[in-house]
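*Asks:* can't give you the sequence, but here's the structure:
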Ligand code: HEA
Ligand code: HEA
Ligand code: CUA
Ligand SMILES: [Cu+2]
């Protein structure tokens, strides 16, 4: 893509004294937001563990129906995109605008890969009828609570996918910003914030993946 | 924007309805919160008024039991999620926090207006639920009752979910602002105690509210998909739902009351011209209450069927949250000592707060005593306890705060005589309404009862008489404020002789960016001189 | 039912169980402590407001005390000690409520919208609770729909009835009379009508009532039909089938008059005596091929019920 637009220096918002204050504020805000997200996912996961403890049979059986290989591929996609997001932030600090953009595109690509795999996983579930709760129609499960596992599976991964989509939205936004504003050592706020957010998405997955696909 | 525009009063800076709706100015957002919250306070109060009328007689009066159940549910949800939780931070916090810090705005002005939109969105859904049937789950949404497929309950859950996000974003915004936006010289120990209180509140909003969010999501999912997480018929665990709910809702009671602590500290200092006794203690204890407050949720579930060990630990920890509150009361009382005390309208509310909070807190302690709570749980004793702390303390402090900052916000002075009359009526009305509930509660009258044993009729009748007085007082207070908008004298910059920045450095009403030049802070918020003899 | 009374004293209802004394003592103790602190706080406020009122508009404070370590330590330590004391009092009172004496009689309670059902071990149920005075009673409480809560103000006791769970609650009534039983967990339309009574009677009266009620509920049906009720109502059907198929325990079909092989190698004829022993002391004669997991129903099934079961088994040819 030809660099026709010359990115401008970022302008500090009116209520901040300087760039540093603005950046520190955004960073702190993001961390607090992540803390809040962690509390939310944390509670969900506690719920998941309690369910696993109550219905070990359902979890074992349900888990056998998930393909851990697909899960592993997705873990790989998320890890790599997390890495490229970090690269983007690093290049941003060095003022290397085109490297930032390249890495953002790569991250987007891997994130999309994650979604594609998830799409196949979900459609397989729809096909087999291993759906949550009352939509559970699959045959061949011996545990009467097998539907609980899939209920939890869909709630947890669904919420996670929603976050992936938001994360991708943030990447697109960064790409957008990168055409207008020059990243410098002092100003890489959008990329760093999106990277932090993406790290949360990775983190949640690292707990969900073993809980749903592996342990037990 | 021209320099001229920056230096005129924020109310006049940009005119027109649209400019209010899309504003990012924290002062205007604060006022819009204030108006919304008063609206919902009247709505919630009207619900209470109606069902208190019904309770005049033990038998059916003018409504059915389903209507009654619907009314107290709406009352509870509106009062908690639309009035007291967003209340002080949304209205007073938004308006004052940046000014008290010497900043131009909150750290994230756009996020701030987003919070308000979310509040409105949630409020709209809550009202919309009225068209979908009658929400009747109680404000606690306990499963499996709330899994009854009642569409109105589902809309209510969604509304509460959205309101949760509004609350998280406000808390986040405040914390960052307090950390990063303080004027030169505004050290942590020069922060007004109102700011400290908002800080502690922010921590709870950010860390506890998401748990409510996920609980509500799971309840919704359970309703739609029947996954079997909370519904015992499907193998789920209804007690788990209660743990999730109270993990938020206990901290929420401190989200409710801690900002009121902050308001009261300001009022007492100003109207006794005293430095706050034990400033650091009051500042830190709010934060301490916050942290311990995360560990005591199980005291709402002593009879619900948790393990005996859990119950014992929850009771133990409950008492630890009480001690810092007790100390605060002593600190405020001692602050009055040697002061130069003036019983203005705001001060009357502050003293009422102390009176009511002492009763509310002490009844909380009785509820924490395990063996006694087995008897008192889910009786009117609990109802009375939390009205003493939520209405009698929080709302009272809130109204006091509105009175105190009204001149700053609107530029008008209110009528002092009518203000005092309102305050006294509120005091009498409130205590008549709720003190008798302590008695009938300890005698064993359960809450959420449309129909009750005959022996409790006299108490219910006294309580209903009380609410008439209370409503009269509240309307007097409200009209007194509204009338001042037309007839009130123009307020001077610092009518109370207070020492915090909004009075000493900001114009009345403040200019668009609060200060014409950034204030430089050289002394504490309560450095009052001593009378020379 | 509406005219039922719970109260005699100002704050707390009439005491009618062994818990009431302890609970009320803790309540009263803290009521007085509260009164003390309340009067102290409000009294000081009134005193300061009067004494230090502003007499001239420009009057400043006469002092600016910001600290006083003595004071602050005192009012931290004293409340702390008080609440720790309260914690122990509350905890001990509560532990007392948790451990039912071993000589308790057991009654099952089921809450549903919007009534309470009391299932007596003698195989009948009733919609009021009748208990002997001075006798520990242990309730096993559950619900069939939403959460209810079982509350007897005069006994100072309460526990939630949670669907899918059994919660225990015990008490020992100390005086005869009729006391209200209320539902204190919000359960919908008629939550506030979910009221019944506990009737505390003398031992002898209780015994007559019990046998009358038991025979009334089974007396007018044939023993084998009553046996079928016992089979399904008292949970035998969880383990025993009556159609010959395998269950956790041996089927009852066709065992009457036959010989069964026991785990110790001996054989025994299935007759009334054997059935009675199997019910009251299952582990004494364990059928070969089955684990010794059947609970003892000694003291839970009455003789009449065991006879009914025996009659029922006879019909299962
Ligand atoms: C603003 C809200 C608020 C506040 C501040 C509090 C404060 C406290 N609450 Fe309350 N509470 C509620 C709101 C609040 N509560 C609500 C809404 C419910 C019911 C919800 C529902 O079921 O619908 C509830 C219910 C509730 C229960 C459950 C009752 C039940 O359902 O069985 C318990 C039990 O422990 C409890 C305890 C306490 C305690 C110990 C405090 C303490 O923090 C109080 C501390 C204050 C003081 C101690 C006062 C000052 C003291 C002195 C001046 C004197 C000296 C003190 C000593 C000697 C110790 N509360
Ligand atoms: C937290 C806030 C809060 C507030 C402020 C109130 C305020 C009041 N509450 Fe409520 N209440 C709850 C929270 C609150 N309540 C909750 C959570 C429940 C439990 C619900 C459940 O069980 O699920 C409950 C339940 C509840 C019950 C028990 C119902 C039952 O169990 O059957 C009763 C009974 O008397 C009651 C009464 C009242 C009354 C008379 C007021 C009065 O104080 C109301 C006074 C207000 C007005 C009359 C309106 C007039 C207002 C103005 C004119 C505005 C003035 C404005 C300015 C001056 C700026 N409430
Ligand atoms: Cu059953 Cu309330
Ligand atoms: Cu609590």
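*Replies:* All right, it came through fine. Keep in mind that what you see is a predicted model, and the values were worked out from it rather than measured. Residues are numbered from 1 along each chain as shown, chains lettered A, B, ... in the order given. Ligands and ions are numbered 1, 2, ... in the order given.
*Asks:* contacts, neighbours, all on C-alpha from now
*Replies:* Fine.
*Asks:* partner strands of the helix or strand hosting residue C:180, parallel or antiparallel?
*Replies:* Using DSSP states H and E, the element containing residue C:180 is strand C:177-183. Using DSSP bridges, the strands paired with strand C:177-183 in its sheet are strand C:148-152 (antiparallel), strand C:196-201 (antiparallel).
*Asks:* and these as JSON lines, adding mean pLDDT and mean neighbour count?
*Replies:* Conversion of the strands paired with strand C:177-183 to JSON lines gives the following (pLDDT from 0 to 100; neighbours: other CA atoms under 10 Å in any protein chain shown):
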{"stretch": "strand C:148-152", "mean pLDDT": "95", "mean neighbour count": "27"}
{"stretch": "strand C:196-201", "mean pLDDT": "94", "mean neighbour count": "20"}
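*Asks:* Tell me which of those strands sits nearest to ligand 1.
*Replies:* Of all the strands paired with strand C:177-183, strand C:148-152 sits nearest to ligand 1, with 12.1 Å by CA to the nearest ligand atom.
*Asks:* Run the chain-centre distance for that closest one.
*Replies:* Centre-to-centre, strand C:148-152 and its host chain are 9 Å apart (CA atoms, centre = their mean, to the nearest Å).
*Asks:* what's the following helix or strand after it?
*Replies:* Going down the chain from strand C:148-152, the next helix or strand is strand C:157-161, by DSSP H and E.
*Asks:* Can that next one be said to contact chain B?
*Replies:* Yes - legend: contact between strand C:157-161 and chain B by CA under 8 Å from any CA of the partner chain is shown at C:157, C:158, C:159, C:160.
*Asks:* can you tell me the helix or strand for residue C:116?
*Replies:* Element membership for residue C:116, per DSSP H and E: strand C:115-120.
*Asks:* and that strand, which strands flank it?
*Replies:* Short version: by DSSP bridges, strand C:115-120 pairs with strand C:105-112 (antiparallel), strand C:125-126 (antiparallel).
*Asks:* what sits against residue 48?
*Replies:* Reading this off chain A. residue A:152 (CA atoms under 8 Å, 6 or more residues apart in numbering or on different chains).
*Asks:* actually chain C
*Replies:* Going by CA under 8 Å, 6+ apart, residue C:48 touches B:336, B:337, B:338, B:339.
*Asks:* ok, how many other residues are close to the first one?
*Replies:* Spelled out, it's residue B:336. Applying other CA atoms under 10 Å in any protein chain shown, we find 29 residues neighbouring residue B:336.
*Asks:* Could you do the last one as well?
*Replies:* Summarising burial for residue B:339: neighbours were counted as other CA under 10 Å, giving 31.
*Asks:* shouldn't it be in contact with residue C:59?
*Replies:* No - when contacts are counted by CA atoms under 8 Å, residue B:339 is not listed as touching residue C:59 (9.5 Å).
*Asks:* Stretch B:48-63 vs chain C: in contact?
*Replies:* No - Stretch B:48-63 lies out of reach of chain C by CA under 8 Å from any CA, never closer than 8.7 Å.
*Asks:* Low-confidence ranges, the chain, go.
*Replies:* With no chain named, the answer covers chain A. Scanning chain A for pLDDT under 70 picks out A:1-8, A:215-216.
*Asks:* please go with chain C instead
*Replies:* For chain C, the ranges with pLDDT under 70 are C:1-8, C:216-221, C:298-300, C:302.
*Asks:* near ligand 1, which residues of it?
*Replies:* Within chain C, the positions adjacent to ligand 1 are C:37, C:79, C:82, C:83 by CA under 6 Å from any ligand atom.
*Asks:* 5 Å - rerun?
*Replies:* Proximity of chain C to ligand 1 (CA under 5 Å from any ligand atom) is limited to residues residue C:79.
*Asks:* list the buried ones in the helix ranked longest in chain C?
*Replies:* Using DSSP state H, we find that the single longest helix of chain C is helix C:18-51. Neighbour-count burial for helix C:18-51 flags C:18-20, C:22-24, C:26-27, C:30-31, C:34, C:37-38, C:41-42, C:44-45, C:48-49 (criterion: 16 or more other CA atoms under 10 Å in any protein chain shown).
*Asks:* what sits against whichever residue of chain C sits closest to ligand 2?
*Replies:* Residue nearest to ligand 2 within chain C: residue C:186 (8.2 Å; CA to the nearest ligand atom). By CA under 8 Å, 6+ apart, the contact list for residue C:186 reads B:138, B:448, C:147, C:148.
*Asks:* Alongside ligand 3, which residues does chain C contribute?
*Replies:* Residues of chain C found near ligand 3 (CA under 5 Å from any ligand atom) are C:148, C:183, C:185, C:186, C:187, C:191.
*Asks:* Based on its surroundings, how many neighbours for the last one?
*Replies:* By that I understand residue C:191. Neighbours around residue C:191, by other CA under 10 Å: 23.
*Asks:* likewise residue C:273?
*Replies:* By other CA under 10 Å, neighbour count at residue C:273 equals 12.
*Asks:* so residue B:411 touches residue B:490, yeah?
*Replies:* Yes - if you go by CA under 8 Å, residue B:411 and residue B:490 touch, sitting 5.9 Å apart.
*Asks:* Who has more neighbours out of these two?
*Replies:* Between residue B:411 and residue B:490, residue B:411 has the larger neighbour count (other CA under 10 Å), namely 23 against 15.
*Asks:* SS state for the residue lying farthest from the centre of chain C?
*Replies:* Distance from the C-alpha centroid of chain C peaks at residue C:58, with 66.4 Å (CA atoms, centre = their mean). Secondary structure, DSSP: H, G, I helix; E, B strand; the rest coil: residue C:58 is coil.
*Asks:* what's the spacing between it and residue B:532?
*Replies:* Going from residue C:58 to residue B:532 by CA to CA, to the nearest Å gives 11 Å.
*Asks:* Could you look up the SS state of the closest residue to residue C:279 other than its chain neighbours?
*Replies:* Excluding the flanking residues, the one nearest residue C:279 by CA to CA, 6 or more residues apart in numbering or on different chains is residue C:297, at 5.7 Å. Classification of residue C:297 using three-state DSSP returns coil.
*Asks:* and residue C:297, how many neighbours?
*Replies:* 18.
*Asks:* Do I have it right that it meets residue C:278?
*Replies:* No - at 9.1 Å, residue C:297 does not count as touching residue C:278 under the criterion of CA under 8 Å.
*Asks:* ok so, going back, could you give me the ChimeraX syntax to select whichever of the residues of strand C:157-161 next to chain B are buried?
*Replies:* Of the residues of strand C:157-161 next to chain B, the buried ones go into a single ChimeraX selection, burial set by 16+ other CA under 10 Å:
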select /C:157,158,159,160
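*Asks:* What is the nearest of the residues of strand C:157-161 next to chain B to residue C:114?
*Replies:* Residue C:114 lies nearest to residue C:160 out of those, by CA to CA, at 14.3 Å.
*Asks:* quick one: contacts for the closest residue in space to residue B:299 that isn't next to it in sequence?
*Replies:* Once flanking residues are discounted, residue B:299 sits nearest to residue B:314: 5.7 Å by CA to CA, 6+ apart. Counting by CA under 8 Å, 6+ apart, residue B:314 makes contact with B:295, B:296, B:297, B:298, B:299.
*Asks:* and the longest helix of chain C with strand C:157-161, angle?
*Replies:* Relative orientation of helix C:18-51 versus strand C:157-161 (axes from the mean of the first three to the mean of the last three CA atoms, to 10 degrees): 100 degrees.
*Asks:* Many thanks, I have nothing further to ask.
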